[in-house]
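K.L.:
sharing a model prediction with you, sequence too.
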Amino acid sequence: MTNHWNDYQNTDVFMVLGTNPAENHPISMRWIDKARETRGAKLIVVDPKFNRTAAKADLYVQIRPGTDIAFLGGLMNYAMTHGRYFHEYVAKYTNASYLIHPDFKFEDGLFSGAQVGEDGQVKYDTTTWQYQRDEEGNVRKDPTLTHPQCVFQLMKKHYARYTPEMVAETCGMSVEEFIEVAELFTSTGRPDKAGNIMYAMGITQSSHGSQNVRAVAMLQLLLGNIGIPGGGVNAHRGESNVQGSTDMAMLWNNLPGYLPMPSAAAHPTLEAYQATTPKSGYWSNRRKFMVSLLKAWWGENATAENDFAYDYLPKLDHRDHSHMSIFEAMGRGELKGLFAWGQNFAVGGPNVTRERSALANLDWLVVVDLFETETAAFWKGPGMNPEEIQTEVFLLPAAASYEKCGTVTNSGRWIQWRDKAVEPMGDAHDDLWIADRLYKKLRELYATEGGAFPDPILKLHWDYDDGDHPSAEKVAFEINGYTWDDRVGLTTFGNLQDDGSTACGCWIYSGYFDNFETPKCRSRVKDEPGTLGTHLGWAWAWPVNRRILYNRCSVDEHGQPWDPERPLFRWDGEKFIAQDVPDFVATNPPEVSAQNPFIMMQEGVGALWSPSGMKDGPIPEHYEPVESPVTNRLNKRQFNPVTIISGKGEFGQLTRAEDPNFPYICTTYRVTEHWQSGAMTRSLPWLGEMMPDMFVEISPSLAAKLGVQPGDRVEVTTVRGSLVAPAMVTPRMRPVRVHGREVEIVGMPWHWGFMGQFTGASANVLTPHVGDANTQIPEYKAFLCNVKKAGGSGPVRG
Amino acid sequence: MTYGMLIDLSKCMGCRGCQVACKQWNDLPGEETSLGTDFTNPQKRSAYTWTTIDFLTAEVNGRTVATFTKSGCMHCLEPACESVCIAGAIKRQENGAVTIDHDKCIGCRYCQLGCPFGVPKYEYDKPVPRMQKCTLCYDRISEGLEPACAATCPSGAILFGEREELLALAKQRIAEGNGRYVDHVYGEHEAGGTAVMYISSVPLDLTTLNTGVTTESVPGFTWKAMRQLPALVGGAAVLSLGLMAYSNRRARLEAEQKGGGEA
Ligand code: SF4
Ligand code: SF4
């Protein structure tokens, strides 16, 4: 998130969109409540289901799953047409004034530059999305924001179609409800108010998930809510350390610290890779981060002469290697083996019956987990015939979080060290121990048996030994970075060099563990009450311990806080009085830093318009989910034209819009009592007793229509599969009115599986194998189903 | 000094951290349960489940309302359970906690019937059953700690402290809440006053609090009702003397069991 949990106390209006803090991030409610108590803050919840957060809201509005862009576009339209945006902020701190290529167009659901393939799939040439530039290469601007080709006017025109009536019809809310939200949330579009949008998988797990997030960010820029205390675009990360794992490059196309992964074809040499380094903005330093990373990994074997061992770095081929693509490749028999390290995709993966079958094509599967998960036991799952499955499964018992030490990075980017509390049980070991043994064995095999290319393994700089156990502290020190010659820890990435004199495993973490005795991630000093709660002495936040990103935006051109009550910074004529680490050069006069308040961005300003960052458009447009009960009324394209539809093969089953066989919208979610695939929680009696059984949530009206009493079993079917579970009938679920028609929503948690103490059907037997155009995250949140009475009542276990 | 808890239902979000914390601190086992009509589970409190969050989801004037009521022992100022306990096992401690002395409890269940909230529960599955209920974490508060549920609650919905101060705070919240709260401190007078009190932002009949409970002190009132009790619990022939004998036998049995290495 741009801000952090404690900062929620500074918010005036919260909008919860596609996340469920009371249920999935309960501790966040403490800060939300504090703001309500001390500032009279308001809480808006927009969700398909009346969840536990909705129960606490000042204003709850139901939304049809998958229509967030229609809603957010409507809010932007409302803000722009009613003058409820923060003009000075928009004009000075965003690219609203930038002029766009004269040939830019949006027609029939496609942006200009669309190249439509034979299968209807679209790829964009982004030429017409670019800025206009003068002869010197400077962007042409209109500070008055009135030029028809400036970003602001193009947005205004684009979103003019998103009228309250259109939003209401599309999203399944009333015009009055929409206007109530619009009035309340855009009340923060002024200097002295802070609006906070929180989101999670309800926004991202969509075929246009990245554009959903863009729309959130754009609305927040329009309202001047970025970089200020109490504002922000705040992703509620779904696991305690998922922020940390993303920072450390758990995504297939990243290196640590969000360095782009080089491509074998385009970047065969370090020089070719470095040629793609941005020329301006902070990313112009990327060279130093990359060379220091190579130095950390290959140590003395990484020298200027061998391009710092760049050849040893694995590179991308032309294919996508995200979750769904891996399983599709596995389905085709292209993978030999797989590590499932703390992942239980046999419950969590989309179209999971197919994914489970694909696992049977592996020669071997290693599962590292606390329990024998569904993934480890896929071969004995429903519909599997163990006799026919040749996959050799290794189950390595792992240590739980209290049985190992290391850091956890929370959603607010705070990195906190945790000590080990107890020894692991039985044969269980911590992940570091397992990784260390695995590496050493591989090294030994490469040394004795050779191989196609042993050097990247043999020459790794692997120096973590501490007695008979690898030291997590030594790993942390390497991630933090140090000077190569004398091994002095770095306090900031500002000290990184591109000549091999520094090593650093993740540049954005530079400073969190610069020494072994008192690393900052162990620090626990709180601020005095009465401050803004940045708590700079508590743990360490990346980057450089900054708590609020883009925080130059919290003050005006002259360095005065937009809201004097929330002075994150204040220029006193000579220097800045600061409560946070500046995201700007604070020694410059404020008029200078006002020129590039978004230092990470190439142009130095917030991107209302994205000229080349997105595959599916410079600004978001509403498309229906790939499976939708209605046709798209906002444009002529039914769903995101850039989304990859595999179409063929066993993963390709999809339902067309308005298919009468699948009349209901289906969505999936989590409940407080279980965690993710339930691998851990479904073996804990105290949690299991509270949420023992899988269920299907339907509205009282759908129950009446189906003749179903609470607890009666229902069968939910999609084109991909079906499941039977008891019905939970409460007014938490309600139908929505969409384009004049009432559509029921069927909801279910996805925590259950066939292993553990508490068993039940996995919701993902229903979900589609289709995902976002930019990230390929699966569309778990909106698809089509049918529901029938199944006969009998009560739980279905096993 | 009487300690107590103020439960601000407007803050409770139904996360059930308190329900788990209670089991964890008091070493209570998970029970066999199955899906109910809402999320409440275990659906009834028992000897092994002393506090639950009771979910209530309803439609009111076309809008959905959901409430989460933390339920359990109210720790009455004048506990009916104590007054009806013929074995003298239940005692209101000086600090306000109402506790059961398991060496004395004979498992007669008078307290369960006498309690206006039906709180004490019987260990049906034990060879030597006793009554069980929330102790206000007597062991913790005697050491200066908060009860486990209060310590866990992430939203600050459960406040532990001196009853008088909590009552004043409750009234202050209502007074300064700009109509946010219903003007009623549940437990100020209910059952003659209780150490556990509630305030709420929704009408109390939308919670699972017993709004029908008397505001009279219950013990005197209870004795009238308790005359019929022997018939209820096993016939008029059950004499208190017999029960005492049973109690001694129970102690012996228990000692034997312990010797046998069972829990
Ligand atoms: S609520 Fe019931 S068990 Fe608790 S003190 Fe009062 S009478 Fe006794
Ligand atoms: S821990 Fe607090 S917020 Fe959670 S259910 Fe219990 S009382 Fe409610």
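P.N.:
The structure has been received and is ready for your questions. Ligands and ions are numbered 1, 2, ... in the order given.

K.L.:
C-alpha from now on. contacts and neighbour counts both.
P.N.:
Will do.

K.L.:
how many neighbouring residues does the closest residue to ligand 2 within the stretch 101-250 of chain B have?
P.N.:
Distances between the stretch 101-250 of chain B and ligand 2 by Cα to the nearest ligand atom are smallest at residue B:153, namely 3.5 Å. Using other Cα atoms under 10 Å in any protein chain shown, residue B:153 has 22 neighbouring residues.

K.L.:
got the residues of chain B near chain A?
P.N.:
Contacts of chain B with chain A, taken as Cα under 8 Å from any Cα of the partner chain, map to B:10-11, B:13-16, B:20, B:23, B:29-42, B:57-59, B:64-67, B:154-156.

K.L.:
ok, of these, which come out buried?
P.N.:
By neighbour count, with 16 or more other Cα atoms under 10 Å in any protein chain shown, the residues of chain B next to chain A hold B:10-11, B:13-16, B:20, B:23, B:30-31, B:34-42, B:57-58, B:64-67, B:154-156 as buried.

K.L.:
and the residue of the stretch 101-250 of chain B closest to ligand 2, backbone torsions?
P.N.:
Here is the backbone geometry of residue B:153 (degrees, to the nearest 10): phi -50, psi 110.

K.L.:
residues in contact with it?
P.N.:
Residues near residue B:153 by Cα atoms under 8 Å, 6 or more residues apart in numbering or on different chains: B:17-18.

K.L.:
ok, residue B:88 - contacts?
P.N.:
B:82, B:104-105.

K.L.:
any idea how far it is from ligand 2?
P.N.:
32 Å (Cα to the nearest ligand atom, to the nearest Å).

K.L.:
check which helix or strand covers that residue.
P.N.:
Using DSSP states H and E, residue B:88 sits in no helix or strand.

K.L.:
list the residues that contact the residue most central in space within chain B.
P.N.:
The residue lying closest to the centre of chain B (Cα atoms, centre = their mean) is residue B:73, at 1.3 Å. Listed by Cα under 8 Å, 6+ apart, the contact set of residue B:73 reads B:50-51, B:117, B:119-120, B:133-135, B:196.

K.L.:
most neighbours, which of the residues you listed?
P.N.:
residue B:196 (29 neighbours).

K.L.:
residues contacting it?
P.N.:
B:4-7, B:73-76, B:187.

K.L.:
residue A:684 too?
P.N.:
Contacts for residue A:684 (Cα under 8 Å, 6+ apart) come out as residue A:757.

K.L.:
let's see the pLDDT reported for it.
P.N.:
Residue A:684 carries a pLDDT value of 96.

K.L.:
and residue B:221, by the same measure?
P.N.:
Predicted confidence (pLDDT) for residue B:221: 58.

K.L.:
what about stretch A:656-676 and ligand 2, touching?
P.N.:
No: counting by Cα under 6 Å from any ligand atom, ligand 2 is not contacted by stretch A:656-676; separation bottoms out at 10.0 Å.

K.L.:
what's the average pLDDT for that stretch?
P.N.:
96.

K.L.:
just the buried residues of that stretch, please?
P.N.:
Those would be A:656-657, A:662-676, for stretch A:656-676 by 16+ other Cα under 10 Å.

K.L.:
that one close to chain B?
P.N.:
Yes: Stretch A:656-676 reaches chain B (Cα under 8 Å from any Cα) through A:672-673.

K.L.:
and that stretch, end to end?
P.N.:
One end of stretch A:656-676 sits 29 Å from the other (Cα to Cα, to the nearest Å).

K.L.:
mind listing residues that contact it?
P.N.:
For stretch A:656-676, the surrounding residues in contact (Cα under 8 Å, 6+ apart) are A:23-24, A:65, A:348, A:626-631, A:655, A:681-682, A:687-688, A:690-691, A:717-718, A:743-751, A:763, A:780-787, B:15-16.

K.L.:
hmm, 6 Å instead?
P.N.:
A:23-24, A:627-630, A:681, A:687, A:744-749, A:751, A:781-786 (Cα atoms under 6 Å, 6 or more residues apart in numbering or on different chains).

K.L.:
could you find the closest non-adjacent residue to the one residue in the stretch 51-200 of chain A that gets nearest to chain B?
P.N.:
Closest to chain B within the stretch 51-200 of chain A is residue A:55: 5.4 Å, counting by Cα to the nearest Cα. In this structure, residue A:55 finds its nearest non-sequential neighbour in residue B:66, 5.4 Å apart by Cα to Cα, 6 or more residues apart in numbering or on different chains.
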